[in-house]
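Chemist: the following block contains a protein sequence and its predicted model.
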Amino acid sequence: MKDIMDLHTHTIASGHAYNTLYEMAKSASEKGLSLLGISDHGPKMPGATHDFYFINFKVIPRKLFGINVLMGAELNILDHTGRVDLRRGLLEKLDYSIASLHEPCFKSGTVTENTNAYLGAIKNPLIHIIGHPDDGRFPVDYDTLVAAAARHGTLLEVNSSSLHPLNPRKNARENYRTMLELCKRYKTSIIIDSDAHIEADIGNHRQALELIKEVDFPEELIVNSSLERLLPYIPKLKAYL
């Protein structure tokens, strides 16, 4: 499959990543990507930047080293209603946003409570991607999650980093198998991302692509091959093409 984008990446602004924005863009260009998304962690993540970081994205060129760049955020889902750690006014300034569950910011509850946390984020029109919905530490009802993502036009992420043997997320491979079978049933689109915290990992989707092949997932439900395929899910992309 043609794979031209990576929208889940982190710079030094996240506090536990190791390259600058320009270093990440240069690496993405050298690897032949057409679109790079920078999604630094929201402010509730320990060590992350202040709200003010997300206010001034207007100064950043949306073409660097010959590739398109989107400036977003990986938001922290904070509670079982799906509340996130940037206010609406800031979300409106972003090119796109990812919402994820992270242990430092979210206390896992019942399957229903955890599922409701995702549903609250999915219903927010300023959230475009659900990040790594694969972690067995936050058990969820995948049937409800996948159906809701299809209904609201929200992308579900297959996070290649989650499939790394050293990643602490539990049962990611098994959970993705369940999720992807349901995505086939509900015609729910996915995006494959690296979750790169260093430039060397940008575009490293190898383990995710291997899993996609194993489950015979249909390419028409994967947005990575085409900016036009991504556009309905991230409307602000149109302004930069």
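Modeler: Happy to help now that I have it.
Chemist: what element comes up after whichever strand in the chain runs longest heading to the C-terminus?
Modeler: The longest strand of the chain (DSSP state E) is strand 67-76. Proceeding N to C from strand 67-76, the next assigned helix or strand is helix 88-91, under DSSP states H and E.
Chemist: show me what contacts the closest residue to residue 71 other than its chain neighbours?
Modeler: Closest residue in space to residue 71, ignoring its immediate chain neighbours: residue 57 at 4.2 Å, by C-beta to C-beta, 6 or more residues apart in numbering. Where you see a C-beta, it was placed from the backbone N, CA and C, and this is true even at glycine. By C-beta atoms under 8 Å, 6 or more residues apart in numbering, residue 57 lies in contact with 71, 93, 94, 95.
Chemist: which helix is the longest one in the protein?
Modeler: Secondary structure of the chain per DSSP state H: the longest helix is helix 172-186.
Chemist: quick one: contacts of that one?
Modeler: Counting by C-beta under 8 Å, 6+ apart, 132-136, 142-143, 145-147, 149-150, 156, 158-159, 162-163, 188-190, 211-212, 215, 217-218, 221 sit against helix 172-186.
Chemist: quick one, what contacts the most centrally placed residue in the chain?
Modeler: By C-alpha atoms, centre = their mean, the chain has its centre lying nearest to residue 131, at 4.0 Å. By C-beta under 8 Å, 6+ apart, the residues touching residue 131 are 8, 74, 98, 99, 100, 157, 159, 193, 195.
Chemist: out of these, list just those in strands.
Modeler: With strands taken from DSSP E, the overlap with the contacts of residue 131 comprises 74, 98, 99, 100, 157, 159, 193.
Chemist: ok, of those residues, which one's closest to residue 201?
Modeler: Nearest to residue 201 out of the ones in strands among the contacts of residue 131 is residue 193 (C-beta to C-beta; 10.5 Å).
Chemist: what bridges to that closest one?
Modeler: residue 159 (DSSP bridges).
Chemist: related to what we said a few turns ago, can you tell me the closest non-neighbouring residue to the residue nearest to the centre of the chain?
Modeler: Of all residues not flanking residue 131 in the chain, residue 100 sits nearest, at 3.5 Å (C-beta to C-beta, 6+ apart).
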